[in-house]
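1. Return a 3D structure for these sequence lines:
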Amino acid sequence: MSLNHEFYLLPKKIDVKDFWTYIECRNNVIDSVAIHDDLVLYIMDSLEWIPSINPALRGNPSGRGINYYGLTLFDKQSSKTLISIFSSWRSLIKNAPDEFELTGAFFYGENGNQEGEYEKLVFSRDEVITQFEKIISMSENLAAGECYLYHSGI
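-> Numbering: from 1, shown residues only. Sure thing, here's the model as predicted:
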């Protein structure tokens, strides 16, 4: 089973609190993309710079970053930063070989032995670029102020 973070571009007319409750709301999705958790974790520090809204809390408080395990909303205010961050990562990854490795989490050896190793994360350059371009495109739609980008964590 793979863990993905799902992003949905939704028109503002949808009540985002009902998006997961009522299946018929999902017919109004404008666009979507899923990004593997390993990749999200790799770029997580930069995602913390993005203005966001937490729809799971009373009053939909503003904040920064993604709600890793839950829901996050991005709006017009988020668009410029989303575009900039994902464009920067896309530009960097364009230099990678067709299949590339990133360094993941550190795992200790058996029985807590200090001799462990870092997980090797393998990605397809073209798939990652396509996913990031989708986020950039959806974020450009946010700039008009008529949509939300809805993130569903793992």
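
2. Which strands or helices does the one helix or strand residue 89 maps to pack on?
-> Assigned by DSSP states H and E, residue 89 falls within helix 76-93. With contacts taken as 3 or more C-beta pairs under 8 Å, 6 or more residues apart in numbering; DSSP states H and E, helix 76-93 sits against helix 37-47, strand 51-53, helix 125-142. To be clear about C-beta, it is placed using only N, CA and C from the backbone, and glycine gets the same treatment.

3. So for the last one, mean pLDDT?
-> When you say that, I think you mean helix 125-142. Averaging pLDDT along helix 125-142 gives 97.

4. Check the first one too.
-> Per-residue confidence for helix 37-47 averages out to 96 on the pLDDT scale.

5. Can you point out the buried residues in it?
-> Within helix 37-47, the residues that count as buried by 16 or more other C-beta atoms under 10 Å are 37, 38, 39, 40, 41, 42, 43, 47.

6. ok now stretch 121-136, how far from the chain's centre?
-> When distances are taken as C-alpha atoms, centre = their mean, to the nearest Å, stretch 121-136 is centred 11 Å away from the chain's centroid.

7. any idea how far residue 93 is from residue 78?
-> 21 Å (C-beta to C-beta, to the nearest Å).

8. Compare these two (neighbour count), which wins?
-> residue 78 (22 against 18; other C-beta atoms under 10 Å).

9. any idea how far the more buried one lies from residue 30?
-> Residue 78 is 16 Å from residue 30, by C-beta to C-beta.

10. so can I have a markdown table of the buried residues of helix 37-47 showing distance to residue 86?
-> Formatted as a markdown table, these follow (distance: C-beta to C-beta, whole Å):
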| residue | distance to residue 86 |
| --- | --- |
| 37 | 17 |
| 38 | 17 |
| 39 | 11 |
| 40 | 12 |
| 41 | 16 |
| 42 | 13 |
| 43 | 9 |
| 47 | 9 |
